[in-house]
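I would like the atomic coordinates for the input below:
(one chain, ligands or ions: 1)
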Amino acid sequence: MAHVLGQNQYGKAENRIVRVYRDSTRHEIKDLNVSVALSGDLDDVHLTGSNANCLPTDTTKNTVYAFAKEYGIESAEAFGITLAKHFVDNNEPIHRARIRIEEYTWDRIKTPDNSSRFIGSEEVGHSFSRNGGEVRTCEITYDGTTVQVISGLKDLVVMNTTNSEFWGYIKDRYTTLKEAYDRILATQVTARWKYSFTGVDNEAQPNWNRSYAHVRRHMLEAFAETYSYSLQQTLHAMGTRVLNNRAEVDEVRLELPNKHHFLVDLEPFGLKNDNEVYYAADRMYGLIEGTVHREGVVPVIPVA
Ligand SMILES: O=c1[nH]c(=O)c2[nH]c(=O)[nH]c2[nH]1
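Okay, here's the model as predicted:
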C-alpha cells in the first residue's frame with residue numbers, strides 16, 4: 001500500500017525571550033514566547049534521511065534570539081515579519097514560514113513618593129510585576145510573496161453585572177433553563193483579527209501596537225455598551241465595532257466562553273437573593289464562537 005507524506009512543518013516552538021532596553025534608567029521590556037514553523041521542499045528529509053534541505057530547529061531558535069538584539073522588538077508583529085522573511089528569503093528549500101508569538105505584559109511597580117508632601121507614588125524604572133491577565137498573540141505567515149498577519153489576544157476576562165437577558169429560546173422536554181431578564185454576562189475573550197496588509201509592493205506596515213490598543217478598546221467598549229439578549233449578539237457587536245472603526249482589519253474571530261454565574265438559593269437560610277450572590281462556575285461553560293468579516297473578504301482565520 002502506498003503512503004503519501006502530507007502537510008508537514010517544523011521549527012523550534014516556544015522560544016521564551018525577554019528583551020530589555022536600557023537606553024535610560026527607565027528600562028523597557030518585551031516578553032515573548034515565539035514559535036517557528038517552516039515548510040517547503042522537505043520530502044527528502046522525511047523519506048531518505050538526507051538533511052540537505054533542513055535548517056536545524058536549533059538554528060531557528062538562535063535566529064530568534066539574535067534578531068532580538070540585531071533588530072529589536074518594536075512589536076510582536078514586526079518582529080514576526082522580520083523572522084518569517086528571513087527564513088524564507090534566505091533558505092531556498094524553505095517556502096513558507098509561520099511565526100506564532102504570545103506576548104506577556106508587565107506593569108511598572110510604583111513605590112511611595114517620599115519627596116512629595118502629598119501621597120503619591122513614583123515608578124521604579126527597573127521594577128515590574130507581570131500582568132497576570134491577558135496575553136497578546138500574533139501569527140505571521142509568509143510564502144515568499146505575501147505576508148499574512150493575524151493578531152489577537154486571549155484571557156481577557158470581562159463581566160457585565162446587568163444589561164444582559166436571555167429568553168425566548170427553544171424549549172423541549174430537556175429544557176430546564178429559566179429565562180433570564182437580568183443576568184450576569186461574563187466571558188474570557190479570545191480574539192483574532194486579520195489585517196488587510198499583505199506586504200506586497202513595499203506596502204507600509206500598520207502601527208501594530210497602536211492598532212492592537214484600539215482593537216482591544218473597541219471590543220471592550222462594545223462589550224460594555226451592548227444591551228445583550230445573548231452572548232452571540234454581543235460577539236457580533238464586538239466584531240462589528242472593530243470593523244467599523246479599524247480600516248486596517250478585515251476579519252475578526254471571537255471565542256467567548258459563557259462564564260456562568262448562577263444565583264445561589266439563600267431561601268434555606270431565610271434570606272432573599274435579590275441578584276446579589278452568585279456561584280461562579282468555572283466549568284462547564286457555553287462556548288460561543290463566530291467570525292465577522294467585511295463583505296467580499298474570504299475569511300481565513302482558522303476555526304479552532
Ligand atoms: O447568551 C447565551 N447564549 C446561549 O446560546 C445560551 N444557552 C444557554 O444555556 N445560555 C445561553 N446564553
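
Can you list the residue ranges for helices in this protein?
Using DSSP state H, the helices of the chain run over 43-47, 57-70, 76-89, 208-225, 231-245.

ok, L266 touching K272?
Yes: at 6.9 Å, L266 and K272 qualify as touching, with contact defined as Cβ atoms under 8 Å. The way it works is simple: take the backbone N, C-alpha and C, and place the C-beta from them, glycine included.

Looking at those two, which is more packed in?
Applying other Cβ atoms under 10 Å to L266 and K272 shows that L266 carries more neighbours, namely 13 against 7.

Spatially nearest residue to that one (excluding sequence neighbours)?
N273 (4.4 Å; Cβ to Cβ, 6 or more residues apart in numbering).

List the contacts of the one you found.
Residues counted as contacts of N273 (Cβ atoms under 8 Å, 6 or more residues apart in numbering) are 263-267.

filter these down to the ones near the ligand?
Here nothing survives when the contacts of N273 are matched to the ligand using Cβ under 6 Å from any ligand atom.

Now, those residues that are in strands?
Judged by DSSP state E, those include L263 as members of strands.

Among the contacts of N273, which one is most surrounded by other residues?
Among those, L263 has the most neighbours (other Cβ under 10 Å), with 16 neighbours.

Apart from its chain neighbours, what residue comes closest to that one?
Spatially, and ignoring its direct neighbours in sequence, L263 is nearest to N273 (5.5 Å; Cβ to Cβ, 6+ apart).

Which member of the contacts of N273 is positioned nearest E203?
L263 (52.7 Å; Cβ to Cβ).

Who does that closest one form a beta bridge with?
In this entry, L263 is beta-bridged to Y278, by DSSP bridges.

For it, give me its contacts.
Here L263 is in contact with 273, 275, 277-279 (Cβ under 8 Å, 6+ apart).

ok, back up a step: most neighbours per residue, which of the helices of the chain?
Among those, ranked by average contacts under mean count of other Cβ atoms under 10 Å, first place goes to helix 76-89 (a mean of 22).

what pairs with the nearest residue to R16 once chain neighbours are set aside across the strands?
Counting by Cβ to Cβ, 6+ apart, N33 is the residue found nearest to R16 once chain neighbours are left out, at 5.5 Å. Judged by DSSP bridges, the bridge partners of N33 are R16, E102.

tell me the contacts of D31?
Going by Cβ under 8 Å, 6+ apart, D31 touches 17-18, 103-106, 130.

Which among those residues count as buried?
For those, a burial check counting by 16 or more other Cβ atoms under 10 Å picks out 17, 103-104.

strand partners of the longest strand anywhere in the chain, parallel vs antiparallel please.
Ordering each strand of the chain by length in residues (DSSP E) puts strand 121-142 first. According to DSSP bridges, strand 121-142 forms sheet pairs with strand 94-112 (antiparallel), strand 147-160 (antiparallel).

quick one: low-confidence ranges for the protein?
Within the chain, the ranges that satisfy pLDDT under 70 run 114-120.

Up against the ligand, what does it have?
When proximity is defined as Cβ under 6 Å from any ligand atom, the chain approaches the ligand at 166, 177, 230-232, 258, 286.

Kindly recompute the last result at 8 Å.
Residues of the chain lying close to the ligand by Cβ under 8 Å from any ligand atom are 164, 166, 169, 177, 185, 228-234, 258, 260, 286, 288.

Would you mind measuring from the most centrally placed residue in the chain to V215?
Nearest to the mean C-alpha position of the chain, counting by Cα atoms, centre = their mean, stands L153 at 2.2 Å. From L153 over to V215 the distance is 8 Å, taken as Cβ to Cβ, to the nearest Å.

quick one, phi psi at the residue of the chain positioned farthest from its centre?
In the chain, G270 marks the outermost C-alpha relative to the chain mean, sitting 45.6 Å out by Cα atoms, centre = their mean. Main-chain dihedrals, G270, degrees, to the nearest 10: phi 70, psi 20.

Thanks a lot, catch you later.
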